[in-house]
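In: Provided below for reference: sequence and predicted model.
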There are 2 protein chains.
Amino acid sequence: MNLVLEADAKKPVYLRIKQAIVQQIKTGEMPSGMRLPATRDLARQLGVNRGTITMAYDELVADGLLESHVGRGTFVAEPYPHGHHDNGRSAGPVKMSWDGLFADSAESHVISSLLDLYQVSTLRDVISFSGSFPDNATFPLQEFRNSLHYAVRTLGAEVFAYGPATGLEKFRQYLATDMLESGIRLTADEILMTNGSQQALDLIARTFISPGDTVIVENPTYPGAVNAFSLAGARLVGVPVDTNGMRTETLEQVIALKRPKLMYVVPSFHNPTGACLSRERREHLLAIAQEYGIPIVEDDYGSDLRFEGAHLPPLKARDTGEHVIYVSNFSKSLMPGLRIGWCAAARPVIARLTALKQNCDITTPPILQAALWDFCRRRKYHGHLEKIRPIYRERRDAVIRLLEREFPRGTTWTKPEGGLFLWVTLPETIDTTELLLNVRQKGVVFSRGHLFYVDGGVRNTLRLSYGNVTIKQIETGLTILGRAARELFSRNADRTADKFLTHTVPLV
Amino acid sequence: MNLVLEADAKKPVYLRIKQAIVQQIKTGEMPSGMRLPATRDLARQLGVNRGTITMAYDELVADGLLESHVGRGTFVAEPYPHGHHDNGRSAGPVKMSWDGLFADSAESHVISSLLDLYQVSTLRDVISFSGSFPDNATFPLQEFRNSLHYAVRTLGAEVFAYGPATGLEKFRQYLATDMLESGIRLTADEILMTNGSQQALDLIARTFISPGDTVIVENPTYPGAVNAFSLAGARLVGVPVDTNGMRTETLEQVIALKRPKLMYVVPSFHNPTGACLSRERREHLLAIAQEYGIPIVEDDYGSDLRFEGAHLPPLKARDTGEHVIYVSNFSKSLMPGLRIGWCAAARPVIARLTALKQNCDITTPPILQAALWDFCRRRKYHGHLEKIRPIYRERRDAVIRLLEREFPRGTTWTKPEGGLFLWVTLPETIDTTELLLNVRQKGVVFSRGHLFYVDGGVRNTLRLSYGNVTIKQIETGLTILGRAARELFSRNADRTADKFLTHTVPLV
């Protein structure tokens, strides 16, 4: 393999290697099925370190241009990858070929980003500031086991039968009452239980979006929402955010141009920045929704995780015109593995979401709904919140302490009043992919910021999740990360500032 | 309201009433939002019994032409129903109108049929031969609680964290080993855990089907599959079934004409007929799949429920060319509320299904997977099967005894060797919608056969599920049903035999 790298010193080496490989795949010099040199060999050949090659290969695998098989190496992928590399298995006379059989939507790259985030986030033996996971050590195992026990003993077979698609009646009643405390007034039949927020977003996307419809989102935003809307064929239009959340002053112009079907927002502890939409902007956003008749999907995964500052009412609490489709869950504030969330909206919306939910998976497991209902009504959930809030505040403070102490000058960050992560902007000469490459070898990972943008995004931002790391890990991990950032900063100091845009499909 | 009924004595009265209402809605005589007379009043006015009106209204609600609000009455629906009947709630100045906002796919009627089946099936205080539910009384509550307990105690926080999208590694390993007993050879990484079979079907449909693609199904078939494929935009083409399952001899002609993307089959205890695809036809079907390169989706929900006769290997066991996407679950053979199923297929298929699964709901709840894994590896699942098989055989025998004794001459039925239901064909002059209307008042319900057809189907078939009824209920319920059928039979004896085709969208 004879790679010719572009002579552009401003571009990181791994990107130039990647580009050269893409070129050869396009021209057919590297045909489908061709095995690439081992990273070690190519690194020697090009005189770069091996990690640089790994990073280039990794991105190409994520883009679907290469396929990696553990123990066998890395290959140029088929235009539609199929099973014919699996020569190890003896096959019948006519082996199925999956070429071209998948729907276009299933072939798009968008849907791989959550998986990538998850896989990076759950690497063993690393200090992970990646996935926004709550701390496993806080899980109230004993109390929840009691609730499981209670549900089986007192409700019996009912919780193992098919339940209603909308969810357990008494749990929805509990939620309706509980939401009153946030100022949200609705009844149990305006609620649909879902398998976490992610299912609610998928159902909403499939219910509202026809291919080509536009959805307005914050930019950056939660990739799981981007994927759900994109899979349904939506075009995503991003509105910039600042420390007070979405900059609603630009919204009317965007609406006039793009005629969106929906607006998706995370007003409290916005993912990924941690920002809260200000009270004024909440009112402004609702007024715009009313004015133009555009529904708002409010992702309120995190209100319960506020550890300081004044409570801000959810949009749904001020939703006099019923424009808000409210989504929440217990994944960040209690335990993600329960896979329990809910959606609250006007009856015509709930009716359609419910019919679709029934066709997706019939119902959310009644046993888990029943146990969680018991857990909540015994006020164990509220007790749990009391317990975890100071823990996360302490971690946020530790992260900020380390950011101040260890990171290059010019680094800025948000200071969220709740939630599990904050957002860091490094000096523009630092590419976070290069940074990740450097620190991953040293056992530290984080989420690169450009993964959260719908338009490629800038290369110098990152999300630091402090949900599932101890104070000690924060100190160790961010010392390593800060040092690596400083090194890159001084090495790149001679580069003119340039913002690398990702070259592929928008977010993802 | 002044309804003029068609003077066609061959047509059941409720259908004529329905037709007259449709007419008035179309002409605008009955505008959107208009409240219909109470069933009691209209019955008096037309001189028919009240149940006849109820049946007409019910069908119109199912068709989306009427909307029913408990406690307030029945109204003519908006073309796109929205919130403005909810005048009880005080609203803000500009109330959201949902008119025209939903995606076309969400507006189609197809997705309501499962919901209907579920709602009829779970009516209280009736003897239900409807939904194919296992018997709640058989659920091994104590043993499963032990497994939940074990999972929490020994696996701890891990089972409440986000798990891998593919599912719990050790459960997939267990399933791979267990499937060997059925002759299926594969490894854990060719398995994806899903929320029951329904989610597997939804994922498969979304992964393979682009709008307009054709899927071949048995006719009649499982409505949940019809809905999943239809939602993804598939056209369904039905191949007739007999007591040996799908009539594969017609298949090649259909393939030549329709160029299908997939074939969906339920080879064992076919839903709704209970038939098993014969050994010869299994081989034939596989040969055709190989010949034409068309994947088969094999829904094997019920092999474990065989209570007599010789075991037939799943298609997947003979799938030398890897054409079969195998789907199974624990819903019928253990407890549906677990919502645990799985899909086994070639790696390129599993890879795409997994990426989509992650975007649908991240993962199937790890705690339930872990508990079920423990339950299975302690051989409690196999013990459970031993216990339930004779129960269902005894019930099937009771149903057949009653069919022989109580039903009009000319009635025929299948005699399944396993599963939870059988299929009855009444004399052609009997309309099962009329029959259901008559017996529902007497506390008996069943599933009308035409709901299972992709092309409207005939009006004189029904599915009798014996999964969740006692022998005593079978005797009482089928005595009532048989008597009602005999009455309709003698009353309609003078009618010329005519098969009513459903007038709406094909079931979808």
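Out: Nice, I can see it.
In: mind checking the end-to-end distance for stretch A:421-429?
Out: With CA to CA, to the nearest Å as the measure, the first residue of stretch A:421-429 is 23 Å from its last.
In: now do that stretch, average pLDDT.
Out: In this model, stretch A:421-429 carries a mean pLDDT of 97.
In: residue A:200: how many residues sit nearby?
Out: Burial measure for residue A:200: 29 neighbouring residues, criterion other CB atoms under 10 Å in any protein chain shown. In short, each C-beta sits where N, CA and C put it, glycine included.
In: run the angle between the helix or strand harbouring it and helix B:196-208 for me.
Out: Element membership for residue A:200 (DSSP states H and E) is helix A:196-208. Using axes from the mean of the first three to the mean of the last three CA atoms, to 10 degrees, one finds that helix A:196-208 and helix B:196-208 are set 60 degrees apart in direction.
In: what's the spacing between the closest residue to chain B within the stretch 351-500 of chain A and residue B:467?
Out: Per CB to the nearest CB, residue A:361 is where the stretch 351-500 of chain A lies closest to chain B, at 3.9 Å. Taking CB to CB, to the nearest Å as the measure, residue A:361 falls 20 Å from residue B:467.
In: who has more neighbours, these two?
Out: Neighbour tally, residue A:361 and residue B:467, criterion other CB under 10 Å: the higher count belongs to residue A:361, 27 against 22.
In: pLDDT at that one, what is it?
Out: According to the prediction, residue A:361 has pLDDT 96.
In: all strands for the stretch 201-350 of chain A, in order.
Out: Taking DSSP state E, counting those that start in this stretch to define them, one finds strands in the stretch 201-350 of chain A at A:214-219, A:235-242, A:245-246, A:262-265, A:296-299, A:324-329, A:341-344.
In: buried ones in the fifth one?
Out: Just to be clear, that refers to strand A:296-299. The neighbour-count criterion (16 or more other CB atoms under 10 Å in any protein chain shown) identifies A:296-299 as the buried residues of strand A:296-299.
In: quick one: least confident helix or strand in chain A?
Out: Across the helices and strands of chain A, mean confidence by mean pLDDT, DSSP states H and E is lowest for helix A:112-121: a mean of 53.
In: which parts of the strand or helix carrying residue A:59 are buried?
Out: Here residue A:59, judged by DSSP H and E, is contained in helix A:50-62. Under the neighbour-count criterion of 16+ other CB under 10 Å, helix A:50-62 has A:51-62 buried.
In: same question for stretch A:243-251.
Out: A:245-246, A:248, A:251.
In: would you check which pair of those lies furthest apart?
Out: Distances among the buried residues of stretch A:243-251 were taken as CB to CB; the most separated pair is A:245 and A:251, at 11.7 Å.
In: what is the longest helix belonging to chain A packed up against?
Out: Among all segments of chain A classified by DSSP state H, the helix with the greatest residue count is helix A:380-406. Judged by 3 or more CB pairs under 8 Å, 6 or more residues apart in numbering or on different chains; DSSP states H and E, the packing partners of helix A:380-406 are helix A:141-150, strand A:421-425, helix A:471-491.
In: tell me how far it is from the chain's mean position?
Out: On the basis of CA atoms, centre = their mean, to the nearest Å, helix A:380-406 is displaced by 21 Å from the centre of the chain it belongs to.
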